[in-house]
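> A structural model of the following input is requested.
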Amino acid sequence: MKKAASKKIRPLQKQKRPGLERNMTPVPDTSPIAYPAEGKLKNKVALITGGDSGIGKAVALLFAKEGADIVIAYLNETKDAKETKKEIESFSRKCTLIKGDLGKENHCKKVIEFTIKMHKKVDIIVNNAGLHWETESIENITTEQLQKTFQNNFFSYFWVTKYAIPYLKKGASIINTSSVTAYRGSPKLIDYSATKGAIISFTRSLSANLIDKGIRVNAVAPGPVWTPLIASSFDSKKNSEFGSDSPMRRAAMPNEIAPSFLFLASEDSHFMSGQVLHPNGGEVVNG
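Predicted structure coming up:
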């Protein structure tokens, strides 16, 4: 009898939360996939929460390549944020960094106020910051954890958007990062999946509310993506196998997710609002 093939697809590794890209093996690929820039976001200003690493960083770099100035709101990973800023500036675009806890309403308000102070406008909001803890049972999810997960993953999206609305003009785009778990659930990420489901409903409702103002609201629901959040959330064995159970048998690199955000931010998607894109490695989900 043949021995079953190992699911291990990368070295055993584990990091302390929130995790650093440069300590991951392999280092997540956030560089824009090679193609000629077309100026799709020329002279736009994009605010990206959680833009210091992972999907947020890949989106920031792609947006900068397409001509946007970038504002990155991040928690405390200053080394990653400064490296991202340096890479954005290599595209001859401006980058502003804002450090702080997006799980606090007042900080979300300050992020918008500082964005307007520095750039005089904001055209694109990418609500992307997220965190999770793997938990065996709902009985092990404390009220503190539940509140923190919702404050970071959902309330921050609500607050950032709320304070941005007065400055958004016709043609602006709001893009929310959800997850495949919003559609199929996750037995060990119950509170996280609940926030991602809330983001879908928020996206659809806000789209209907803002459509007459010419402001589009959409979402992206990635499948498994190799980011610092993953490396700092799971044990070494799970990190080594992460993504191997997807139809494509691997996790995406962040730069494979970023083009979905560019499409929704640009005029290419001017007839789309209230919709969700699913770059998830081939998993078929409803919605």
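> contacts, neighbours, all on C-alpha from now
Fine.
> In the helix ranked longest in the chain, which residues are buried?
With residue count as the measure and DSSP state H as the assignment, the chain has helix 190-210 as its longest helix. Counting neighbours by 16 or more other C-alpha atoms under 10 Å, one finds that the buried residues in helix 190-210 are 190-200, 202-204, 206-207.
> List the contacts of the spatially closest residue to residue 214 that is not a sequence neighbour.
Counting by C-alpha to C-alpha, 6 or more residues apart in numbering, residue 170 is the residue found nearest to residue 214 once chain neighbours are left out, at 4.5 Å. Applying C-alpha atoms under 8 Å, 6 or more residues apart in numbering, one finds that residue 170 lies in contact with 213-215.
> Give the buried residues for the one helix or strand residue 58 maps to.
Under DSSP states H and E, the secondary-structure element containing residue 58 is helix 54-65. Of the residues in helix 54-65, those buried under the neighbour-count criterion (16+ other C-alpha under 10 Å) are 54-65.
> wait, which of those residues is closest to residue 220?
residue 55 (10.9 Å; C-alpha to C-alpha).
> Can you tell me how far the residue nearest to residue 258 when sequence neighbours are not counted is from residue 123?
Of all residues not flanking residue 258 in the chain, residue 59 sits nearest, at 4.8 Å (C-alpha to C-alpha, 6+ apart). According to C-alpha to C-alpha, to the nearest Å, residue 59 stands 15 Å off from residue 123.
> Check residue 215 too.
Residue 215 is 10 Å from residue 123, by C-alpha to C-alpha.
> joint contacts of those two?
Listed as contacting both residue 215 and residue 123 by C-alpha under 8 Å, 6+ apart are 168-169, 171-173.
> and these, which of them are in helices?
Counting by DSSP H, no part of the shared contacts of residue 215 and residue 123 is found in helices.
> ok, so of the contacts of residue 170, who is nearest residue 227?
Comparing every one of the contacts of residue 170 with residue 227 (C-alpha to C-alpha), the shortest separation belongs to residue 215, at 30.0 Å.
> isn't that closest one right up against residue 166?
No: the pair residue 215 and residue 166 does not pass the contact test of C-alpha atoms under 8 Å, sitting 11.6 Å apart.
> Compare these two (neighbour count), which wins?
When neighbours are counted by other C-alpha atoms under 10 Å, residue 215 and residue 166 differ, and residue 215 comes out ahead with 23 against 8.
> check contacts around the more buried one.
With contacts taken as C-alpha under 8 Å, 6+ apart, residue 215 has the following neighbours: 168-174, 207.
> Now with 10 Å, please.
If you count contacts by C-alpha atoms under 10 Å, 6 or more residues apart in numbering, residue 215 has them with 123-124, 165, 168-174, 206-209, 270, 273.
> so the helix or strand hosting residue 219 versus helix 190-210, what angle?
When elements are assigned from DSSP H and E, residue 219 belongs to strand 216-220. Between strand 216-220 and helix 190-210, the angle formed by their directions is 160 degrees, by axes from the mean of the first three to the mean of the last three C-alpha atoms, to 10 degrees.
> State the mean pLDDT of strand 216-220.
Confidence for strand 216-220, expressed as mean pLDDT, is 98.
> Direction included, what does it pair against?
Here strand 216-220 has these sheet partners by DSSP bridges: strand 173-177 (parallel), strand 276-277 (parallel).
> Pipe those strands into JSON lines and attach mean neighbour count and distance to residue 143 per row.
Listed next are the strands paired with strand 216-220 as JSON lines, based on neighbours: other C-alpha atoms under 10 Å; distance: least, C-alpha to C-alpha, whole Å:
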{"stretch": "strand 173-177", "mean neighbour count": "26", "distance to residue 143": "24"}
{"stretch": "strand 276-277", "mean neighbour count": "22", "distance to residue 143": "30"}
